[in-house]
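**Student:** My questions are about this predicted structure, shown below with the sequence.
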Amino acid sequence: MKPYLLALAAGLLVGVIYSLLNVRSPAPPVVALVGLLGILAGEQIVPIAKRVLTGEGLSLGWIRSECGEHLFGALPARSVEKQTERDDVGSKAS
């Protein structure tokens, strides 16, 4: 129940901000997508800031593991078998 209440509170806050900026919901698709990207990127600021403030370094591996999947979603994995089939078909066509 708590995540739903937090989501509702966040939605209300965004609604107030929309009203202050004179953006009406539903926003045009591009505006909505840019706003969503900003929300996703903004969520990554806190973990990065915590890591920097505690004196831990930022590595590309850490950023990929902690921020990448949240920001871009889980990308589909290619199976080795399917890739081999594609390579075989490509070499026969040549």
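**Tutor:** Perfect, I can see it now.
**Student:** Now do stretch 45-56: everything it contacts.
**Tutor:** Applying Cβ atoms under 8 Å, 6 or more residues apart in numbering, the external contacts of stretch 45-56 come out as 57-58, 62-63, 66-67. In short, each C-beta sits where N, CA and C put it, glycine included.
**Student:** so of those residues, which ones are in helices?
**Tutor:** Residues of the contacts of stretch 45-56 located in helices (DSSP state H): 62-63.
**Student:** low-confidence ranges in the chain?
**Tutor:** 25-28, 70-76, 78-94 (pLDDT under 70).
**Student:** hmm, try it at 80
**Tutor:** 1, 3-4, 7-8, 23-33, 62-94 (pLDDT under 80).
**Student:** all helices for it, in order.
**Tutor:** 2-20, 29-53, 60-63, 69-72, 80-93.
**Student:** now those in CSV, with mean neighbour count?
**Tutor:** Below are these laid out as CSV (neighbours: other Cβ atoms under 10 Å):
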stretch, mean neighbour count
helix 2-20, 10
helix 29-53, 11
helix 60-63, 12
helix 69-72, 12
helix 80-93, 9
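**Student:** just the contacts of stretch 45-56 now: which is nearest residue 39?
**Tutor:** residue 67 (13.6 Å; Cβ to Cβ).
**Student:** about what we covered before: show me the two of the contacts of stretch 45-56 that sit farthest apart.
**Tutor:** 57 and 67 (14.8 Å).
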